[in-house]
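> Got a sequence here, can you build the structure:
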Amino acid sequence: MGQKSKTAAKRLLASFALLSIMLLAITGCSGGGKGNAAVDMKDNFNKEGLPLVNKPVTLNVLTVRWGNMGDTFTKNKWLQDLEKNTNVKINWQVMSSNDWNEQKSIMLASGTLPDVIFGSLAFSDSDIVNNLTYFRPLDDYIDQYMPNLKAAMKETPELKQISTFPDGKIYSLPARLPSRPKTTFLPVINKTWLDRLNLKTPDNINDLYNVFKAFKEQDPNQNGKADEIPYSGSGDISIDLLSPFGITDQNGTSMMVKNGKPVFYPVSEEYKEAIKWAHQLYSEGLIDKELFTQDNTMLTAKQQNPDNAIIGFTNQWTPDAVFGKWKDEYAAITPIAGPDGKRYQGGDPAGLSFRRNELLITTSCKYPELVARWADQFYTDEASIQNFWGAIGTVVQKNDDGTYALMTPPEGTSADAWYWEQSVRDFGPKYVSPSFEKKIKLDPTTGDGLKLSIDKLGSDYVTTPFPSVMYTAEEFQELPTLTTDIDTYIKTTRAEWITKGGIDEQWDGYVKKLNDMGLEQLVKIRTDAFDRYMNVK
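Prediction:
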């Protein structure tokens, strides 16, 4: 079969799968589905208490999962008990992220959607903003039918802040994930190499330079070869190398917040000085020559080199996630102090736990009040931990003292893979209150517990990120044109300046070209969105 034929066949299969979903959507909550047709919701729906309906009703709920994860999460005992206790049966329509984009385009073009969209992997901000007629405003439903979410929004105002669209309405429900760190990629160093060379853990950029020189010149992996790479990573995270100079970029917007104001950092003096420092390291062979050209496969091959550890320093979530059999040689360390003596770390002081677009009620659904009450069941502490890790008694252990712990995963399964198998994990509505979070006891040596343990090294130094703001339909039309040229130019010049130098001579021309590309308008759009975000009441 030729490539064109394969592509056509794939599209045909995708269209057929989507058509099946659409047919299910039409016969679901709209009242034509099996078990729904004879139900008079006027007398069936309960505004308080359980069950939510006296006679069973089926909802069609679409969710998107990473790759080939499948639908094992539907066996979660909490979800199964929810069906029994509410009388609401869920027809899960589980899609794979592998081919979702094509299927999503067909769905939005047709305008035929299921009752509920579950999880932020399905629709982005722009998908929703540009198709608002397909989704119901939820403000009144939250007010009348969602006491758990209302209480959560009162306790944690960020939930409402991230969920409010530019027109002042809420179209999608938020989440606050439990036990998430404040930091993202902390510096990770080969402690075994430090010990062999009798070196102290570097504290500032001068120390780090000296450690890099020793790593390059003194054969710390003891194989008699000059194969050590003092610093490696990938081009996408090369920005972490600049963090000692106060440069962090949590959301990939080239924006930071300083003194409460949005700042476009690629035209700042701090950025300029950081690039000059990085070039010095590169010119002396202390940075991986393939930093800007290698993909994840090439980087992983270096991180897990079969004969010896060859990387000295990088930025990672946890060392055990990337270094394979060499993982015990590595440890996360406190962020490196910059020329001003201060430390800066990427992340979010409020915690990396807030999400939006975790549940949408479509205008195809005839019973939004029922969906609102159903969704509100997810916003209790115990419901949330069971939908993040797994059910109590299966994955989560409830102790006699009122604390909660995670059980040991089955032999041959990693903790993280087990949680994804047993729960909706990162996706879907949930809320764990800060007070309840103290009752969750995690193993500090693995998985989510290790992330929190490592987090303590850098949480005091986390910078204020440019928030996850919301844009209008008009702004979404302008942004791609501006960011495509501007972002590409910034990444290209950053790579050239780090590898070849020349930033001082080229700086004025660089700033002028950015302005010619529309930098002023880009910053205005970002700033307007920031102001709307900060003014949500």
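> use CA for all of it now, contacts and neighbours both
Will do.
> Would you mind listing the buried residues in the longest helix anywhere in the chain?
Identified as the longest helix of the chain according to DSSP state H is helix 473-500. Judged by neighbour count using 16 or more other C-alpha atoms under 10 Å, the buried positions of helix 473-500 are 473, 475-476, 482-483, 486, 489-491, 493-495, 497-499.
> So which elements touch it?
Where contact means 3 or more C-alpha pairs under 8 Å, 6 or more residues apart in numbering; DSSP states H and E, helix 473-500 is packed against helix 125-129, helix 269-283, helix 519-534.
> Residue 296 is nearest to which of these?
Nearest to residue 296, of all these, is helix 269-283, at 20.3 Å by C-alpha to C-alpha.
> chain center to the closest one: distance?
29 Å (C-alpha atoms, centre = their mean, to the nearest Å).
> which residues of the stretch 251-400 of the chain fall in helices?
Counting by DSSP state H, counting those that start in this stretch, the segments of the stretch 251-400 of the chain that form helices are 269-283, 296-303, 368-376, 381-386.
> Those helices: lowest mean pLDDT?
Per-stretch mean pLDDT for the helices of the stretch 251-400 of the chain is lowest at helix 296-303 (a mean of 93).
> May I see the buried residues of that helix?
Residues of helix 296-303 classed as buried: 299, 302, 303 (neighbour count, 16+ other C-alpha under 10 Å).
> hang on, isn't the first one packed against residue 233?
This points to residue 299. Yes - if you go by C-alpha atoms under 8 Å, residue 299 and residue 233 touch, sitting 6.9 Å apart.
> Show the pLDDT at the closest residue to residue 234 other than its chain neighbours.
Nearest residue to residue 234, sequence neighbours excluded (C-alpha to C-alpha, 6 or more residues apart in numbering): residue 291, at 5.3 Å. Turning to residue 291, the model gives it a pLDDT of 93.
> what's near enough to touch residue 291?
Residues in contact with residue 291 (C-alpha atoms under 8 Å, 6 or more residues apart in numbering) are 232, 233, 234, 235, 238.
> least confident pick among those?
Of all the contacts of residue 291, residue 235 carries the smallest pLDDT score, 66.
> was I right about residue 443 contacting residue 451?
No - with contact taken as C-alpha under 8 Å, residue 443 and residue 451 are classed as non-touching, separated by 10.0 Å.
> Neighbour count: those two, which is higher?
Comparing residue 443 with residue 451 by other C-alpha atoms under 10 Å, the one with more neighbours is residue 451, at 20 against 15.
> wouldn't the more buried one be in contact with residue 317 here?
Yes - Residue 451 is in contact with residue 317 according to C-alpha under 8 Å; the separation is 6.9 Å.
> Got phi/psi on residue 230?
phi -60, psi -50 (degrees, to the nearest 10).
> Now do the contacts for it.
Counted by C-alpha under 8 Å, 6+ apart, residue 230 has contacts 212, 213, 215, 216, 286, 287, 288, 311, 312, 313.
> now these in a markdown table, with pLDDT and neighbour count?
As requested, the contacts of residue 230 are arranged in a markdown table below (pLDDT from 0 to 100; neighbours: other C-alpha atoms under 10 Å):
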| residue | pLDDT | neighbour count |
| --- | --- | --- |
| 212 | 98 | 23 |
| 213 | 98 | 16 |
| 215 | 98 | 27 |
| 216 | 98 | 21 |
| 286 | 98 | 25 |
| 287 | 96 | 23 |
| 288 | 96 | 18 |
| 311 | 98 | 25 |
| 312 | 98 | 27 |
| 313 | 98 | 24 |
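> So which of those residues belong to strands?
311, 312, 313 (DSSP state E).
> picking that back up, ok, so of the buried residues of helix 473-500, who is nearest residue 527?
Residue 527 has its nearest neighbour among the buried residues of helix 473-500 in residue 475, at 11.5 Å by C-alpha to C-alpha.
> can you give me the strands for the stretch 101-250 of the chain?
For the stretch 101-250 of the chain, the strands defined by DSSP state E, counting those that start in this stretch cover 116-118, 173-176, 186-190, 229-231.
> Go through the first one and flag the buried ones.
Taking 16+ other C-alpha under 10 Å as the neighbour-count basis, strand 116-118 is seen to contain the buried residues 116, 117, 118.
> Closest one of those to residue 81?
Checking the buried residues of strand 116-118 against residue 81 by C-alpha to C-alpha gives residue 118 as the nearest, at 18.5 Å.
> from memory the closest one sits against residue 428, does it?
Yes - Residue 118 lies in contact with residue 428 (C-alpha under 8 Å); the separation is 5.6 Å.
> Might you list the low-confidence residue ranges for the protein?
Within the chain, the ranges that satisfy pLDDT under 70 run 1-40, 235-237.
> run the last query once more with 80
Flagging of the chain using pLDDT under 80 yields the residue ranges 1-41, 234-238, 447.
> quick revisit: dump the strands of the stretch 101-250 of the chain to TSV, plus distance to residue 49.
Listed next are these as TSV, based on distance: least, C-alpha to C-alpha, whole Å:
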stretch	distance to residue 49
strand 116-118	22
strand 173-176	21
strand 186-190	46
strand 229-231	58
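> hey, which of the ones you listed is tucked in deepest?
strand 173-176 (a mean of 28; mean count of other C-alpha atoms under 10 Å).
> In PDB, could you pull the C-alpha coordinates for it?
The C-alpha trace of strand 173-176 is given here as PDB (Å, rounded to 0.1, in the frame of the first residue of the first chain):
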ATOM      1  CA  LEU A 173     -14.000  23.500  35.200                       C
ATOM      2  CA  PRO A 174     -10.700  23.700  37.000                       C
ATOM      3  CA  ALA A 175      -8.600  21.400  39.100                       C
ATOM      4  CA  ARG A 176      -6.100  21.500  41.900                       C
END
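> Determine the set of other helices and strands touching that strand.
Counting by 3+ C-alpha pairs under 8 Å, 6+ apart, strand 173-176 packs on helix 158-163, strand 354-361, strand 430-431.
> Distance-wise, check the closest residue to residue 345 other than its chain neighbours relative to residue 351.
Leaving out its chain neighbours, the residue that sits closest to residue 345 by C-alpha to C-alpha, 6+ apart is residue 462, at 4.5 Å. Per C-alpha to C-alpha, to the nearest Å, residue 462 is found 10 Å from residue 351.
> what about those two, which has more around it?
Ranked by neighbour count (other C-alpha under 10 Å), residue 462 and residue 351 place residue 462 first, with 21 against 18.
> what residues are up against that one?
Per C-alpha under 8 Å, 6+ apart, neighbours of residue 462: 182, 183, 344, 345, 346, 347, 348, 349.
> ok, and the most crowded of those?
Highest neighbour count within the contacts of residue 462: residue 345, with 30 neighbours (other C-alpha under 10 Å).
> was I right about that one contacting residue 334?
No - using C-alpha under 8 Å, residue 345 is not in contact with residue 334, being 9.2 Å away.
> Now do the shared contacts for the two.
The overlap between the contact sets of residue 345 and residue 334 (C-alpha under 8 Å, 6+ apart) consists of 186, 458.
> thinking again about what came up before, will you turn the helices and strands packed on helix 473-500 into a markdown table that also has distance to residue 380?
Compiled in a markdown table, those are given as follows (distance: least, C-alpha to C-alpha, whole Å):
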| stretch | distance to residue 380 |
| --- | --- |
| helix 125-129 | 26 |
| helix 269-283 | 44 |
| helix 519-534 | 26 |
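> Name the nearest residue to residue 340, ignoring sequence neighbours.
Nearest to residue 340 is residue 245, by C-alpha to C-alpha, 6+ apart, at 8.0 Å.
> Give me the neighbour count for that neighbour.
25.
> looking at it, it is touching residue 270, isn't it?
Yes - taking C-alpha under 8 Å as the definition, residue 245 is a contact partner of residue 270 at 5.9 Å.
> Next, show the common contact partners of those two.
By C-alpha under 8 Å, 6+ apart, no residue touches both residue 245 and residue 270.
> All good on my end, thank you.
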